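K.L.:
need the 3D shape of this:
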Amino acid sequence: MLADACHKRKVPLCFYYSIADWNHKNYPNLGRHHELEKPEPGDSPDWDKYMTFLKAQVKELCSNYGTIHGFWWDMNVPEYYDPTVNDMIRKLQPDAIINNRGFDEGDYGTPERNEDKDANEARAFKGATEACESLDSLSWGYNKGAEYYTDRHLTGSIDRYFSASANYLLNVGPTAEGLIPETSAAILKRIGKWYASVKTSYEAVQPVTQIITNPEVSVTRRNQTYYIHFNRGLSTNGFSLNPINVMPEKAVLLNDGRSVECSISMVPRDYLTQKKFLRLKNLPVTEFYDKVMVVKLEFGETINSV
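P.N.:
Have a look, this model is predicted:
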């Protein structure tokens, strides 16, 4: 049994539950998103009866499989509000965290596949957030004809959310035999190698992107150490950190540990204001075209916000 295997190996057990249902005779399939176009022959749509069934299932899931750590709702198509459902989960499984796609706001937000424009452009999340994405652009389950996202897309998405204080759920669809497809495994290994090189920029940091005016990067900070996240790509090998005009004591590209050239200087567009700003120069943009670069800057003082 899956629950026994998880408990034996100390893997936190979480449940996914789709509120929309293509098979239950009482669920009202009306052709809305993620629904059948109309009820199947023999169906008898009745929302109250369906909710009675759903609550019984939730009670069973929370009672018969030991400790669970999370309940991940999905597809509340009717946008039905009933906080008693999550109240039951919390009573039966007090350690479980619950997402925001069920019958109330839950414990945390779940922006998906960069489709939420506000979330995708957020500089910092006020509430608990976990973005979700799949390696396959077409499916969350196993798909023989998978069309995989590029490493550039995935590292950019991961970095944008991590640097804004969110978690990230990266999905892979296993085969019917429980195996991770070779292509998926190769992608995960590459993403893991990239993450290992830059993870210090996410650990015990604050999102402080507001200290610079350029919206094309994210900035995180730990004390006097700042991390510049190039998660939207670069079209040139230089970058101005306007309005910062202080030289760092040390500048390093986390991806491979090389030093980064810096200067306090003007470029032609700065001549009208006659203001000099910190510039990062000769960045290896071509070498790291398929991954997000993160530059670590160590200052002797705290950099003020604009």
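
K.L.:
per-residue confidence for M247?
P.N.:
At M247, the model reports a pLDDT of 96.

K.L.:
quick one, helices of the stretch 1-150 of the chain?
P.N.:
Per DSSP state H, counting those that start in this stretch, the stretch 1-150 of the chain carries helices over the ranges 2-8, 47-63, 84-92, 117-120.

K.L.:
which other residues reach the shortest one?
P.N.:
If I follow you right, that is helix 117-120. 109, 111, 114, 125, 129, 131, 160 (CB atoms under 8 Å, 6 or more residues apart in numbering). For every residue, glycine as well, the C-beta is placed using N, CA and C.

K.L.:
before we move on, the earlier item: distance to I211 and mean pLDDT for the helices of the stretch 1-150 of the chain - can I get that in CSV?
P.N.:
Formatted as CSV, the helices of the stretch 1-150 of the chain follow (distance: least, CB to CB, whole Å; pLDDT from 0 to 100):
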stretch, distance to I211, mean pLDDT
helix 2-8, 43, 95
helix 47-63, 45, 98
helix 84-92, 38, 98
helix 117-120, 21, 82
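
K.L.:
I'd like the ones you listed as CSV, with mean neighbour count and distance to W72 appended.
P.N.:
Shown next, in CSV, are the helices of the stretch 1-150 of the chain (neighbours: other CB atoms under 10 Å; distance: least, CB to CB, whole Å):
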stretch, mean neighbour count, distance to W72
helix 2-8, 12, 15
helix 47-63, 14, 12
helix 84-92, 16, 11
helix 117-120, 12, 17
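
K.L.:
so which of these is nearest N29?
P.N.:
Proximity to N29, assessed across the helices of the stretch 1-150 of the chain by CB to CB, is greatest for helix 47-63 (10.7 Å).

K.L.:
now the closest one, how far from the chain's geometric center?
P.N.:
Mean C-alpha position of helix 47-63 versus that of the full chain (CA atoms, centre = their mean, to the nearest Å) differs by 30 Å.

K.L.:
can you list contacts of that helix?
P.N.:
15, 17, 19, 21, 24, 26-28, 68, 71, 78, 80, 82, 85, 88-89, 92-93, 96.

K.L.:
OK, contacts around the nearest residue to N100 once chain neighbours are set aside?
P.N.:
Excluding its sequence neighbours, the residue lying closest to N100 (CB to CB, 6 or more residues apart in numbering) is G106, at 4.0 Å. Counting by CB under 8 Å, 6+ apart, G106 touches 73, 86, 98-100.

K.L.:
any idea how far C62 lies from P28?
P.N.:
Distance of C62 to P28, computed by CB to CB, to the nearest Å: 25 Å.

K.L.:
right, I mislabeled it, should have said S235
P.N.:
Distance from S235 to P28, by CB to CB: 50 Å.

K.L.:
circling back: among the contacts of G106, which lie within strands?
P.N.:
73, 98 (DSSP state E).

K.L.:
how many residues are close by D46?
P.N.:
The number of residues packed near D46 is 14, by other CB atoms under 10 Å.

K.L.:
check the burial of the spatially closest residue to it that is not a sequence neighbour by counting its neighbours.
P.N.:
Leaving aside its sequence neighbours, D46 sits nearest to N26 (CB to CB, 6+ apart; 4.7 Å). N26: 18 surrounding residues under other CB under 10 Å.

K.L.:
help me confirm that N26 comes into contact with P39.
P.N.:
No. Using CB atoms under 8 Å, N26 makes no contact with P39, being 9.7 Å away.

K.L.:
shared neighbours of the two, anything?
P.N.:
P45.

K.L.:
circling back: A128 versus the residue nearest to N100, what's the distance?
P.N.:
9 Å.

K.L.:
strands of the stretch 151-300 of the chain, start to end?
P.N.:
167-171, 206-207, 218-222, 225-230, 239-240, 250-253, 261-265, 277-281, 293-298 (DSSP state E, counting those that start in this stretch).

K.L.:
which of the contacts of helix 47-63 fall within strands?
P.N.:
Using DSSP E, the contacts of helix 47-63 in strands are 15, 17, 71.
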